[in-house]
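**Q** make a model of this:
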Amino acid sequence: MNLDFNKNKDGLIPAIIQDNKTSKVLMLGYLNKESLSLTLSSETVYFYSRTKQRIWKKGEESGNELKLVSIKEDCDNDTVLIKVNPLGPVCHTGEDTCFNEENQSIDFIDEIESVIEDRKNNPIDSSYVSSLFKKGTNKIAQKVGEEAIELVIESKDDDNERLFLNEGADLLFHYLILLQEKGYKLNDVLNVLKLRNKSTTKLK
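**A** Got it, this is the predicted structure:
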């Protein structure tokens, strides 16, 4: 890359951060030569903070890192487009993007599974998912059972469909964690259903 860090007096260039899967613009940051070098070598996005006056890794506190996919410079060599796979919400407010836009795709389950896998392989002390993996299979299975019971209870209450949907989301989330613990993903379960469907069709 032939980036012109000298065009601005502060030696910084703007970096537009884009989700590799959804093409949604997630945020705008700034790079200096050191943060660019760290980003390329670690495949995790680093910025230079104009507020803190230092290099910082996105997600260094929250764990919501930006995994590098590609970097491209613009026609004037003074701005870069960085495509990433985000490990969770990008904005410090908890929103998907710093522009308060929802960032979901058809592959949203894949994104959740990627985050779960990362929390398993790279544990974070403050992460609920990492804490479950640390406690082992029995604890994760217990959580799945608890969420299933709560879903059944809410399904009998016609007054609050929102709670019913929330419990369904909790059950699915913990099931994804259990699958990861056992070395599988949701697609493995779907493949079983596909095989059953083919078998049923043949019998008919």
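**Q** against which helices or strands is the least confident helix or strand in the chain by mean pLDDT packed?
**A** The helix or strand of the chain with the lowest confidence, counting by mean pLDDT, DSSP states H and E, is helix 186-203 at a mean of 78. The contact analysis (3 or more C-beta pairs under 8 Å, 6 or more residues apart in numbering; DSSP states H and E) places helix 186-203 against helix 161-181. Bear in mind the C-beta positions are built from the backbone N, C-alpha and C, glycine included.
**Q** follow-up on the earlier one: report the angle between the axes of the least confident helix or strand of the chain and helix 161-181?
**A** On the basis of axes from the mean of the first three to the mean of the last three C-alpha atoms, to 10 degrees, helix 186-203 is oriented at 100 degrees to helix 161-181.
**Q** tell me the buried residues in helix 186-203?
**A** Applying a neighbour-count criterion of 16 or more other C-beta atoms under 10 Å, one finds residue 186 buried in helix 186-203.
**Q** same thing with stretch 22-29?
**A** Residues 22, 24, 25, 26, 27, 29 are the ones in stretch 22-29 that count as buried (16+ other C-beta under 10 Å).
**Q** of these, closest to residue 93?
**A** Using C-beta to C-beta, residue 27 is the member of the buried residues of stretch 22-29 that lies nearest residue 93, at 11.5 Å.
**Q** let me know the pLDDT of the nearest residue to residue 57 once chain neighbours are set aside.
**A** By the measure of C-beta to C-beta, 6 or more residues apart in numbering, the closest residue to residue 57 outside its immediate chain neighbours is residue 46, 5.1 Å from it. Here, the pLDDT recorded for residue 46 equals 98.
**Q** what do you get for residue 107?
**A** At residue 107, the pLDDT value in this model is 67.
**Q** which residues does the residue minimising distance to the centre of the chain contact?
**A** Most central in the chain under C-alpha atoms, centre = their mean is residue 87, positioned 2.7 Å from the mean C-alpha point. Shown in contact with residue 87 (C-beta atoms under 8 Å, 6 or more residues apart in numbering): 59, 63, 64, 65, 66, 67, 114, 115, 118.
**Q** mind listing what's buried in the strand or helix carrying the last one?
**A** In other words, residue 118. Following DSSP states H and E, the helix or strand that holds residue 118 is helix 108-121. For helix 108-121, burial by neighbour count (16+ other C-beta under 10 Å) applies to 111, 112, 113, 114, 115, 116, 118, 119, 120.
**Q** how near is the residue nearest to residue 57 to residue 31?
**A** Note on residue 46: its distance to residue 31, by C-beta to C-beta, to the nearest Å, is 8 Å.
**Q** which neighbours do the two have in common?
**A** Residues touching both residue 46 and residue 31 by C-beta under 8 Å, 6+ apart: residue 39.
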